[in-house]
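J.: pasted the sequence and its predicted model underneath.
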Amino acid sequence: MALKLESISQIYLKHKIYFLNQIFNSNLSKKVFLELYETTNRYPKSDSSFSNQLNKIESNFVKNAYGQKKTEF
């Protein structure tokens, strides 16, 4: 008897779609999501590593903390 196992990417995609559907069920959460989507920086797929994104955000905070040019998040 063979087990039907899904890959991590299949599970992730399934829950990602479910999550978006749940957000769009509520008008308030939909507005918040769309506002955040329009106003936040997105990284190119070639630089989508979570640790790279955290490093960029951290460097922006450090720059802001020392009074250098502010960057928008």
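T.: Thanks, I have it.

J.: what residues sit buried inside the helix or strand containing N60?
T.: Taking DSSP states H and E as the criterion, N60 maps to helix 50-65. Across helix 50-65, burial judged by 16 or more other CB atoms under 10 Å covers N60. Every residue, glycine included, has its C-beta placed from N, CA and C.

J.: that helix - what's its average pLDDT?
T.: Mean pLDDT, computed over helix 50-65, is 72.

J.: what do you get for stretch 21-33?
T.: Stretch 21-33 shows a mean pLDDT of 91.

J.: now do that stretch: distance to the chain's middle.
T.: 16 Å (CA atoms, centre = their mean, to the nearest Å).

J.: ok, now how distant is the most centrally placed residue in the chain from Q53?
T.: Note on the chain: the residue nearest the mean C-alpha position is R42, at 8.1 Å, using CA atoms, centre = their mean. To Q53, R42 is 10 Å away according to CB to CB, to the nearest Å.
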